[in-house]
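Visitor: Model the following, please.
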Amino acid sequence: MSEPQQVLIDCEEARVRIMTLQGKEEVPWHTHSAVTDNIFCLEGRIGIDLLDPPQNVTLHPGDRCEIACRRPHRVANPGKERARYLLVQGGGRYDFIAVAR
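Guide: Predicted coordinates for the structure are as follows:
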């Protein structure tokens with residue numbers, strides 16, 4: 001099994017990680033109070049569900065999605081094979097606020 005995340009940068013103003021999701025695995029609904037997420041698909045497919053307004057995005061290798069701070073979202077691997085993405089977070093201090101769905 002692969003490592004779920006590889007930390008490249010982790011400081012007060014920015015976090016950069018390579019995230020791995022196994023088939024059908026997901027990062028649950030959440031938001032950030034000050035952090036903007038930039039998700040770059042590296043391998044497989046990455047599904048991103050967003051609220052306010054509702055939106056569904058599917059990323060393939062080379063695609064990117066920017067998620068503004070305070071926008072509820074979840075990230076999932078809709079496929080059966082492993083998926084990986086580069087997660088670049090910045091703009092403020094990192095937090096993870098769970099959102100009930």
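
Visitor: For Pro8, which residues are in contact?
Guide: Heads up, residue 8 is Leu, not Pro. Counting by Cβ atoms under 8 Å, 6 or more residues apart in numbering, Leu8 touches Val16, Arg17, Ile18. For glycine as for every other residue, the C-beta is placed from the backbone atoms N, C-alpha and C.

Visitor: can you list contacts of stretch 25-34?
Guide: Contact with stretch 25-34 is made by 19, 21, 49, 69-77, 89, 91-101, as judged by Cβ under 8 Å, 6+ apart.

Visitor: can you do 10 Å?
Guide: For stretch 25-34, the surrounding residues in contact (Cβ atoms under 10 Å, 6 or more residues apart in numbering) are 4, 13, 19, 21, 37, 47-52, 67-78, 82-83, 87, 89-101.

Visitor: Report the distance from that stretch to the chain centre.
Guide: Relative to the mean C-alpha coordinate of its chain, stretch 25-34 is positioned 7 Å out (Cα atoms, centre = their mean, to the nearest Å).

Visitor: coming back round to it: export the contacts of Leu8 to JSON lines and append columns for secondary structure, distance to Leu42 and pLDDT.
Guide: Shown next, in JSON lines, are the contacts of Leu8 (DSSP: H, G, I helix; E, B strand; the rest coil; distance: Cβ to Cβ, whole Å; pLDDT from 0 to 100):
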{"residue": "Val16", "secondary structure": "strand", "distance to Leu42": "13", "pLDDT": "98"}
{"residue": "Arg17", "secondary structure": "strand", "distance to Leu42": "12", "pLDDT": "98"}
{"residue": "Ile18", "secondary structure": "strand", "distance to Leu42": "7", "pLDDT": "98"}
